[in-house]
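>>> Test case, fold it:
(one chain, ligands or ions: 1)
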Amino acid sequence: MTRTVLVTGGTSGIGRAIAQRFAADQAEVFITGRTPETVEQTAKELRVHGVVCDAADSGQVEALAARLNELDVLVNAAGGLPQATSGEGSALEVLLAQWHANLAQNLLTAVLTTTSVQDKLTRGSSIISIGSIGAERRGGSYGAAKAALGAWNASLSAELAPKGVTCNVVSAGYIADTNFFHGQLSDERRSALLEETHNKRPGTVDDIAQTAYFLASQGARHITGQTIHVNGGAFTTR
Ligand SMILES: NC(=O)c1ccc[n+]([C@@H]2O[C@H](COP(=O)([O-])OP(=O)(O)OC[C@H]3O[C@@H](n4cnc5c(N)ncnc54)[C@H](OP(=O)(O)O)[C@@H]3O)[C@@H](O)[C@H]2O)c1
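You can find the predicted model right below:
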């Protein structure tokens, strides 16, 4: 049976790898992003449908939902570190803008998209949201937004699991070959991130894609309401 899959933030890094994994399974895949050029180019390369949509904009999200029929897998991968705000205003206003930007990009993107497509999810479908190790420590407003994603996911699972929908967060450690750091990850910081893993290597986008693929498989039907950590041991739950 051909599954229909929506991957927000599917034009780059983790979201792109997830879209590619499901496309390899002959799924009908829709990817989104805010930048028309990368949406068009990635959709062409992966042979999937591309839709320009800012997942933090309720009007654009509603328009996206209107284009979809039934949905078997929703992956909320859109997120990241927002570009620096203008810096205008008082220190408190700048702080407020930074928190709003992080909450919008890393929490509300998932909440808005999920809510808008909820009635299209089939029995046996899966929602996977990409969280971060930053939720566990030193994460600032980004980490707080990703921690809230986990809390929201738990309540989402309680609501949707009775309807046969699993809801999980895949919390990623440092993943190489993405645009997450906007090219500004220093060698020192990268070495420190590798050093704290048990297996002494960065995560790959495929590590996350394979985990998402498993969570959407038949073998994962009893896994719901969870945060699954994929970080080479950099953070352990015990
Ligand atoms: N890379 C890491 O080390 C790491 C670690 C932990 C968690 N994560 C999380 O993994 C997810 C994927 O990030 P990545 O590492 O793959 O970074 P990336 O390469 O920068 O990809 C981010 C994707 O999200 C899209 N996006 C961002 N904001 C969006 C919005 N409001 N609406 C729609 N699309 C949006 C981007 O496209 P446009 O900018 O064109 O919209 C791009 O397609 C994020 O949630 C991030 O927080 C990453």
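>>> contacting residues around the residue nearest the centre of the chain?
The residue lying closest to the centre of the chain (Cα atoms, centre = their mean) is Ala77, at 2.0 Å. Shown in contact with Ala77 (Cβ atoms under 8 Å, 6 or more residues apart in numbering): 7-10, 14-15, 18, 130. Glycine gets a C-beta too; all of them are placed from N, C-alpha and C.
>>> For Glu45, state which of those is nearest.
Glu45 has its nearest neighbour among the contacts of Ala77 in Gly10, at 11.3 Å by Cβ to Cβ.
>>> what residues does the longest helix along the chain touch?
Longest helix in the chain, counting residues (DSSP state H): helix 140-160. The set of residues external to helix 140-160 that reach it, using Cβ under 8 Å, 6+ apart, is 79, 81, 98-99, 102-103, 105-107, 110-111, 114, 118, 121, 127, 129, 131-132, 134-137, 139, 166-169, 171, 224-225, 227.
>>> check the contacts of Ala77 against the ligand, which are close?
Applying Cβ under 6 Å from any ligand atom, the subset of these adjacent to the ligand comprises 8-9, 14-15, 130.
>>> Near the ligand, which residues of this protein? Just list them.
Selection of the chain residues close to the ligand by Cβ under 6 Å from any ligand atom yields 8-9, 11-15, 32-35, 38, 54-56, 77-80, 105-106, 109, 130, 132, 172, 174-175, 178-180.
>>> just to revisit the earlier point, and the furthest pair within the ones next to the ligand among the contacts of Ala77?
Maximum pairwise distance in the ones next to the ligand among the contacts of Ala77, criterion Cβ to Cβ, is 11.1 Å, between Thr8 and Ile14.
>>> Let me know the closest of the contacts of Ala77 to Ala212.
Distances from Ala212 to the contacts of Ala77, taken by Cβ to Cβ, are shortest for Ile18, at 5.0 Å.
>>> which SS class is that closest one?
Ile18 falls in the helix class when you classify it by DSSP: H, G, I helix; E, B strand; the rest coil.
>>> what's the burial count for it?
Ile18 has 31 neighbours, counted by other Cβ atoms under 10 Å.
>>> is it true that it touches Leu6?
No: at 10.6 Å, Ile18 does not count as touching Leu6 under the criterion of Cβ atoms under 8 Å.
>>> any residues in contact with both of these two?
Val75.
>>> pLDDT score for the nearest residue to Gly139 once chain neighbours are set aside?
Spatial nearest neighbour of Gly139, chain neighbours left out: Lys146 (6.5 Å); criterion: Cβ to Cβ, 6 or more residues apart in numbering. Per-residue pLDDT puts Lys146 at 98.
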